[in-house]
Each structure stands twice: as structure tokens, then as C-alpha cells.
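Asks: Predicted coordinates and the sequence they were generated for:
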Amino acid sequence: MRSSGVLKILAFLITCVLIIICYQILLTTSIFNHIDSKIPQPDPVPLGKGVGNVKVFLENEPQALGTATAQKNEPIHEINVVITFTNAKDNTNLQQKFQTTVLSMFKWTTLPVNIYIIGDRDSQVLADAILKQAVSKYNKQYKLVKLDTDDLAKKLHEVIKEMQQHFSYKPGAYYSHSLFFLSIAIHRVMPETLHRVIMMDADLKFNNDVKELFELFDNFSDTNVMGIARENQPVYRHVLSVYRSANPGTRVGDPPPNGITGFNSGVLLLNLDKMRKSELYNSLINPQVVKDLTKKYSFQGHLGDQDFFTLLSLEHENLFYVLPCTWNRQLCVWWRDKGYESVFDLYFKCEGHINIYHGNGNTDIPKLDWEK
């Protein structure tokens, strides 16, 4: 009897201990849940709309990357620049052109530059080395942003795959790669923290401060979503020759200042906010719309994104702010002796101080006074 009573007491004490332990566990869990609910959690990084966002890898963890304001006439603290530099590993000529582009930009810039490199991984490694060498010469501030371009190319392909056939010479041609169409849908794949960017080719030479180019965003009208210079050769006079023959007196393909000349995309001012918001512009990134326009104008391009912008301009000039030719002075004269001698200079003429030379068509850029 006595041992039975002891066992009952022990059972009671064990039960009490277990109850106390369970209570403490529940109390602790409640406290930590309460604490967690009070700790501010970081907001997710905006990832853009449409087909999604590109993975971004930052060098030196820039603090205010991509915050360049989209408001007119506000102070500019940094410049966002996107450069296409791809398939460069075995192309020393392209490497030298890229070096000239960034060296001359660093020579003149008075503001920090965030540089987004569009290219394969090998090209990005080369770009990193060239940039470090260039900045050491001029001691300017920059931040390199490496993009996951495999991911980017896949996302772009979904947007433009059915339109590419109208703007590429043939599958596998130089301008057939989806990266050469990035500017068309850049607002759908880049972070919404990016508001305005300068996108440019890797065969340029700056002769002025890139800040002055960026300031041209303030000249945009309410309907302009991008700034782009006219093509300096009668390229689209030729491409649109069938339409021109059937429509005498048309402005389509005519030279500046009154013609719808067509564009060159070597230097672009892209207002990503306005591109995102423009119902008109986004409605035109549509395979059926493009098909209808190419049929109407008997248009078969071969120069990638600039063909698309030229095609849109035939009916929607108001989407584009025309950059002065001095900010994209194209030097190629291939079309001069291809049956257009009598009108060539009407397209090629560009008066005023040249701010950016563009060695398109693998054309040599002259040595400038500051290089001698």
C-alpha cells in the first residue's frame, strides 16, 4: 500500500513537470512570433512588369543604383548607361572599339556612371578588365552592373521571336540575336528602379560630357518615349523603295529635315517609365501589328531594333524625340556609291560640334584634337 502511494505521488509530480515544460515552450514560441512580427522586413526589389526581371550582379555594391530621377529639370546625380558588348572574346577589333568608347566617355564625364553590360559571360569579363584600365587613366567614378544575359535573352525571345523575321537578314545573321532587340522591350525586363537610361553601341567616341546627352531627356514631349537620331544614309529610302514608287510625294524615306528618314539606334535615350506607361507603344510590340505594318510598307529590314523603331515612326512619329545628329554622328558611307550619289549628302550632312562619333559599318573614327 505504501509503495502504491509513492508511485501515485511520483506520477503526479512527473505530470506537473511535463505541464510546466509544455507551457514554457508555448510561451517562448508566442514571444518569438511576436518579436518577429515587430521586426521591419525589407521590401522586395521591384522586378518590372511583363515577361519578368533580369538577375543583376553588382560590382562594389552601389548604394543608389538606378535611382536617376525621371522628373524633368531635377539635378542629375548619376548616369545609367547600357552597352551592348557581346561575342567579344575572339574579336580584338570589337575589344578596341569598346575601349575607345569607355575611355572617351570617362575622359569627359563629370558624373558617376552606372554601366550595364549586355553580353555573354566572356565578354563581361573582358569588359570588366577594360573598364578598370580606363577608369585608372581618368580617375572617374563608375559602377559595373553585370546582367545574367542568358536569362535576359530567353525573356526577350518570348517577346520578339515572331517579329525578328522582319528585322533580320536571315537566321543566324549578326542582328538576328535577341540581344540586339533589347531596346524594344527593355522596360519589361529591367528593374522598375531604373527610370531613364542611355543605351549605346560599343563603337563610339565621345567628344563631350555624357551628362549633356542625358539632359536631353528634358526636351521630350509628353508622348515621346525615347530619343533616337536619324539614319545618316539613305538606308530606308532603299528599304522602302517599293512603297515610295507606289506613293509618289510621300515623306517616307525622304531626307531631313522634313522626311520620315528612318533611325539609327547606335545612341538611344530610353525613358523606361514612359515606355512602361505608354499604351500606344506597348500595343505596337505585337506580332500581328508588325506583320500588318511590314506588309503595308513592303518593309523587310536587316538592322535589328532600329528597323522596328523606323517602322513605327512611319505612322507614330510622336513616340520619338529626334536626337540631334551631333550626338550620333554616323561615319559609314557604304550607300554613297550604291545608286544614291545625287541624294547621299542630304542624309549624311551634319552641322555643328560633334559630341559623339559613331564608327558604324566598321568605319574608322578620326583622331580628335584632345587625343593628339
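Replies: Sure thing, it's come through.
Asks: Can you show me the helices along the stretch 1-150 of the chain?
Replies: In the stretch 1-150 of the chain, helices defined by DSSP state H, counting those that start in this stretch lie at 2-38, 92-108, 121-138, 149-160, listed in chain order.
Asks: Between the two ends of stretch 217-232, how far is it?
Replies: Between the opening and closing residues of stretch 217-232 there is a gap of 22 Å (C-alpha to C-alpha, to the nearest Å).
Asks: Can you mark which positions in that stretch are buried?
Replies: Taking 16 or more other C-beta atoms under 10 Å as the basis for neighbour counts, the residues of stretch 217-232 that come out buried are Phe217, Phe220, Asn224, Val225, Met226, Gly227, Ile228, Ala229, Arg230, Glu231, Asn232. The way it works is simple: take the backbone N, C-alpha and C, and place the C-beta from them, glycine included.
Asks: if you look at those, which of them are in helices?
Replies: Counting by DSSP state H, those place none of their members in helices.
Asks: can you redo these as TSV with pLDDT?
Replies: Written out in TSV, the entries for the buried residues of stretch 217-232 read as follows (pLDDT from 0 to 100):
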residue	pLDDT
Phe217	98
Phe220	98
Asn224	98
Val225	98
Met226	98
Gly227	98
Ile228	98
Ala229	98
Arg230	98
Glu231	98
Asn232	98
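Asks: Give the single residue among those positioned nearest to Gly352.
Replies: Sorting the buried residues of stretch 217-232 by distance to Gly352 puts Ala229 at the head of the list, at 12.7 Å, by C-beta to C-beta.
Asks: looking at it, that closest one is touching Pro324, isn't it?
Replies: Yes. Taking C-beta atoms under 8 Å as the definition, Ala229 is a contact partner of Pro324 at 7.2 Å.
Asks: Now do Gln133 against Glu215, distance only.
Replies: Separation of Gln133 from Glu215 (C-beta to C-beta, to the nearest Å) stands at 28 Å.
Asks: Comparing the helices of the stretch 1-150 of the chain, which yields the minimum mean pLDDT?
Replies: Across the helices of the stretch 1-150 of the chain, the stretch with the lowest average pLDDT is helix 2-38; it has a mean of 49.
Asks: Run through who's touching stretch 354-368.
Replies: Outside stretch 354-368, the residues that touch it by C-beta atoms under 8 Å, 6 or more residues apart in numbering are 93, 97, 100, 201, 203-208, 212-213, 264, 266-267, 326-334.
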